[in-house]
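J.: Got a sequence here, can you build the structure:
(one chain, ligands or ions: 1)
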Amino acid sequence: MKLPVVFLGHGSPMNAIAKNDFTKALAGLAKKLPKPQVILSISAHWMTQGTFVTHMEQPKTIHDFQGFPKALFEVQYPAPGSPKIADLLRQKISNPEILADDGHWGLDHGTWSVLKHIYPAANIPVFQLSLDMTQPPDFHYNLGKKLAFLREHDVLIIGSGNIVHNLRAINWNENAPAHHWAVEFDQWVKTKIDKWDFAPLVSQYLSSEAGKLSVPTPEHYYPLLYALGATSEQDKVHYIYEGIQNASISMRCIWFGF
Ligand code: ZN
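T.: Presented below is the predicted three-dimensional model:
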């Protein structure tokens, strides 16, 4: 059986240690999904030139943020890596060449802040794929398509970013009312997904004012394109969570599968 594909909003790193409606929704997700053998995470926070996969047996937990409480820096997510599946991916995909990272990266908070709620035991191997920031949106969508075969190998593909992510417009109150443009763009994306009309999500997301404000930089949006790329037409769409935190961060989470 094919494993589902998931897109997760992750928002503030504080969600890693918070208890709110969003983290509760994540905590309920493992029961809905078949248990994966391996997890591939495409996180907004690993930006590179060229495309890399983490290739270590034991990836380190990376605390890639500043100015947060000590408790957040103490979080560890000691899941093993999966050099074997990383190598399978490197063999299967020749364009682009996927490079092995044996020691630089690990698991960043885009990965562990959400997995901590879904699989708290950290006993399923996890590896990450980086975002080649020199490449245009359709490169990321097409690479997502090439990842889809992993679903047949019991790999759960997770894109972790945010559909709306504007830190300049942020309100530090988590429950602050959402900006109207944030709601508008988040709904536009949902409507396109519901109609299985992905092309505008790849090529026209900056065509509205709401889109420009919601995606001022692309790194949190690209993980969605990987997830969309890895879907197949037979998949059904399920929304795990919908909502806007901090006025300008969409926490919408989606799984595509049976
Ligand atoms: Zn982030």
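J.: May I ask which helix or strand of the chain has the lowest mean pLDDT?
T.: helix 29-32 (a mean of 95; mean pLDDT, DSSP states H and E).
J.: What residues of that helix count as buried?
T.: For helix 29-32, the buried set under the neighbour-count rule, 16 or more other Cβ atoms under 10 Å, comprises Leu29, Ala30. (Glycine included, C-beta is placed from N, CA and C.)
J.: Run through the residues that contact Phe7.
T.: Ile158, Gly159, Ser160, Gly161, Pro223, Leu224, Ala227, Leu228, Arg252, Cys253, Ile254, Trp255 (Cβ atoms under 8 Å, 6 or more residues apart in numbering).
J.: The third one looks like it's in a strand, true?
T.: Yes - when the secondary structure is assigned by DSSP: H, G, I helix; E, B strand; the rest coil, Ser160 falls within a strand.
J.: what residues are up against it?
T.: Phe7, Leu8, His10, Ser41, Ile42, Ser43, Ala44, Gly110, Thr111, Val114, Pro223.
J.: Phi and psi next, for the closest residue in space to it that isn't next to it in sequence.
T.: If the residues on either side of it in the chain are set aside, Ser160 comes closest to Gly110, at 4.4 Å by Cβ to Cβ, 6 or more residues apart in numbering. Dihedral angles of Gly110 (phi, psi; degrees, to the nearest 10) stand at phi -60, psi -30.
J.: Touching, Gly110 and Phe65? I think so.
T.: No - at 10.4 Å, Gly110 does not count as touching Phe65 under the criterion of Cβ atoms under 8 Å.
J.: With neighbour numbers in mind, choose between these two.
T.: Gly110 (28 against 15; other Cβ atoms under 10 Å).
J.: what's the longest strand in the protein?
T.: Ordering each strand of the chain by length in residues (DSSP state E) puts strand 38-48 first.
J.: on contacts alone, who are the packing partners of that one?
T.: With contacts taken as 3 or more Cβ pairs under 8 Å, 6 or more residues apart in numbering; DSSP states H and E, strand 38-48 sits against helix 83-92, helix 109-118, strand 126-132, strand 155-161, helix 222-229.
J.: can you pull out the strands in this structure?
T.: Secondary structure of the chain (DSSP E): strands at 5-9, 38-48, 51-54, 98-101, 126-132, 155-161, 236-241, 244-245, 249-250, 253-257.
J.: out of these, which comes closest to Asp21?
T.: strand 236-241 (7.3 Å; Cβ to Cβ).
J.: doesn't Pro120 make contact with Phe79?
T.: Actually, residue 79 is Ala rather than Phe. No - using Cβ under 8 Å, Ala79 is not in contact with Pro120, being 10.6 Å away.
J.: Touching, Asn20 and Glu174? I think so.
T.: Yes - if you go by Cβ under 8 Å, Asn20 and Glu174 touch, sitting 7.1 Å apart.
J.: Now do the same contact list for the closest residue to Leu213 other than its chain neighbours.
T.: Leaving aside its sequence neighbours, Leu213 sits nearest to Trp181 (Cβ to Cβ, 6+ apart; 4.7 Å). By Cβ under 8 Å, 6+ apart, Trp181 lies in contact with Glu209, Ala210, Leu213, Ser214.
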